[in-house]
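Undergrad: predicted model and sequence follow; I will ask about them next.
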Amino acid sequence: MGRQTKLKDLLMGAIKDKASQSKAAILSKLNTNACSPLSSQSLHLTLLRATTHDPFSPPPAKHLATLLSFGHSSRATASAAIEALMDRLQTTQNSSVALKCLIAVHHIVKYGSFILQDQLSVFPSAGGRNYLKLSNFRDNSSPISWDLSSWVRWYGQYVENLIITSRYLGFFLGSNSGIADRDRKEERISALMNTDLVRETESLVSLMEEICRRPESLNGNRLVGEILGLVGQDQIATMNEVSVRVNEFGERLSCMSFGDSVELLSALKRSEDCKERLVTVSSAVKSDLVDRFWELMREMKGRVGKEKEIKEGGKLVVMAVRRDSVGESARFGDRVLRSSDSVRFSSGRLKEPSYLCSS
């Protein structure tokens with residue numbers, strides 16, 4: 001029964017894809033600008049080929065590459081490509097199509113040209129949470145579509161968080177350009193105020209937490225496997241960015257405020273809570289990086305905790321000194337003041353002499 005359902009899903013999806021792609025191909029040939037590889041009909045056809053209804057296969061690499069090529073022309077062409085991609089994402093009711101649109105967005109984040117990434121970062125101008133409008137996505141057309149719906153909701157939220165975090169950082173996390181500008185990024189980080197550095201760290205940790213919220217994996221589904229591969233790469237990039245900031249905090253612990261220390265300690269604890277739910281990395285090199293990351297988190301959490309205790313103890317000492325000072329002042333006042341120094345009102349309250357109120 002399960003095999004028949006799978007074959008039915010594949011057949012129905014293939015029919016839909018064939019019909020829509022054939023129509024787009026005909027329109028592309030009829031279009032007066034069809035000689036241009038970057039015409040609107042060419043874009044539409046490329047998008048259809050990259051976001052098919054097949055629930056088991058990821059978008060073909062060659063079609064994703066063609067889609068990214070629209071970012072090597074004018075800003076207007078790049079804007080049209082982003083608008084077309086987002087329109088397909090937000091109007092489809094098919095979970096396979098939605099996931100492949102999100103994969104295309106993810107590829108733009110990682111591999112897109114500056115112009116294409118720039119157009120993505122300003123779409124829509126309002127930005128904010130759930131701007132992809134996928135939090136209530138449901139596709140109950142088949143069992144596999146229903147299972148993939150939870151992945152659409154999570155992946156949509158993840159991509160939103162990825163873009164929001166990238167806005168905080170000033171570059172697209174995990175992108176080729178971000179890796180190339182590492183020296184410049186470290187200079188920027190060293191120039192940040194403590195509060196801004198804490199905010200960026202918290203945003204990166206939030207992205208790690210979002211990775212942990214992914215649905216249960218669908219074993220053998222290559223579409224889901226492609227998503228996990230992309231997210232796994234982001235996870236390594238996120239850990240690297242957190243490590244750079246934590247190392248910077250290591251140079252600043254003595255000059256951090258008590259409030260910043262508390263917020264940093266909270267972020268470090270939250271990151272440790274993610275340890276068991278993050279994506280498993282298979283590479284031996286990456287596994288070593290992950291092990292070193294957790295060792296750094298553990299060490300820094302201990303250092304920040306001790307620094308927090310010292311500052312907290314200092315606060316308690318100051319408060320105790322102030323209380324003692326206030327108590328001594330009150331006792332001194334009791335010894336000096338006489339009943340004649342106060343004026344009794346009909347309410348029975350005593351009014352303090354003017355020389356005490358003036359201060």
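TA: All right, it came through fine.
Undergrad: element containing the closest residue to residue 70 other than its chain neighbours?
TA: Of all residues not flanking residue 70 in the chain, residue 81 sits nearest, at 3.9 Å (C-beta to C-beta, 6 or more residues apart in numbering). For every residue, glycine as well, the C-beta is placed using N, CA and C. Take DSSP states H and E as the rule and residue 81 turns out to sit in helix 75-91.
Undergrad: how about the helices in the stretch 1-150 of the chain?
TA: Secondary structure of the stretch 1-150 of the chain, counting by DSSP state H, counting those that start in this stretch: helices at 2-30, 40-50, 61-68, 75-91, 95-111, 114-121, 143-169.
Undergrad: tally of neighbours for residue 286?
TA: Other residues within reach of residue 286, judged by other C-beta atoms under 10 Å, total 15.
Undergrad: that one touches residue 237, doesn't it?
TA: No. Counting by C-beta atoms under 8 Å, residue 286 stays clear of residue 237, with 11.0 Å between them.
Undergrad: can you report how many residues lie near residue 124?
TA: Neighbour number of residue 124 under other C-beta under 10 Å is 9.
Undergrad: now swap in residue 83 and tell me
TA: 13.
Undergrad: correct me if wrong: it contacts residue 122.
TA: No. When contacts are counted by C-beta under 8 Å, residue 83 is not listed as touching residue 122 (11.4 Å).
Undergrad: on the three-state scheme, residue 214 is what?
TA: At residue 214, secondary structure determined by DSSP: H, G, I helix; E, B strand; the rest coil is coil.
Undergrad: if we ignore the residues flanking it in sequence, what's nearest it?
TA: In space, residue 214 comes closest to residue 154 once its chain neighbours are excluded; the distance is 5.4 Å by C-beta to C-beta, 6+ apart.
Undergrad: ok, now residue 140?
TA: In space, and not counting its chain neighbours, residue 140 is closest to residue 146: 5.3 Å by C-beta to C-beta, 6+ apart.
Undergrad: could you pull up the residues touching the one you found?
TA: Contacts for residue 146 were tallied using C-beta atoms under 8 Å, 6 or more residues apart in numbering; they are 95, 138, 139, 140.
Undergrad: tell me how far the last one lies from residue 94.
TA: Between residue 140 and residue 94 the distance, using C-beta to C-beta, to the nearest Å, works out to 11 Å.
Undergrad: who has more neighbours, these two?
TA: Comparing residue 140 with residue 94 by neighbour count (other C-beta under 10 Å), the higher total belongs to residue 94, at 20 against 10.
Undergrad: does the more buried one touch residue 53 like I think?
TA: Yes. Shown here, residue 94 and residue 53 form a contact pair, counting by C-beta under 8 Å, at 5.7 Å.
Undergrad: what's near enough to touch residue 134?
TA: By C-beta under 8 Å, 6+ apart, residue 134 lies in contact with 89, 90, 98, 152, 153, 156, 157.
Undergrad: if we can go back for a sec, tally of neighbours for the residue nearest to residue 214?
TA: 19.
Undergrad: is it true that it touches residue 215?
TA: Yes. In this structure, residue 154 is within contact of residue 215 by C-beta under 8 Å, at 5.7 Å.
Undergrad: poorly predicted segments of the stretch 1-150 of the chain, please.
TA: Scanning the stretch 1-150 of the chain for pLDDT under 70 picks out the ranges 1-39, 125-130.
Undergrad: how far away is residue 102 from residue 160?
TA: Here the criterion is C-beta to C-beta. By it, residue 102 lies 10 Å from residue 160.
Undergrad: comparing the two, which shows the higher neighbour count?
TA: Here residue 102 and residue 160 are compared on neighbour count by other C-beta under 10 Å; more neighbours surround residue 102, at 23 against 20.
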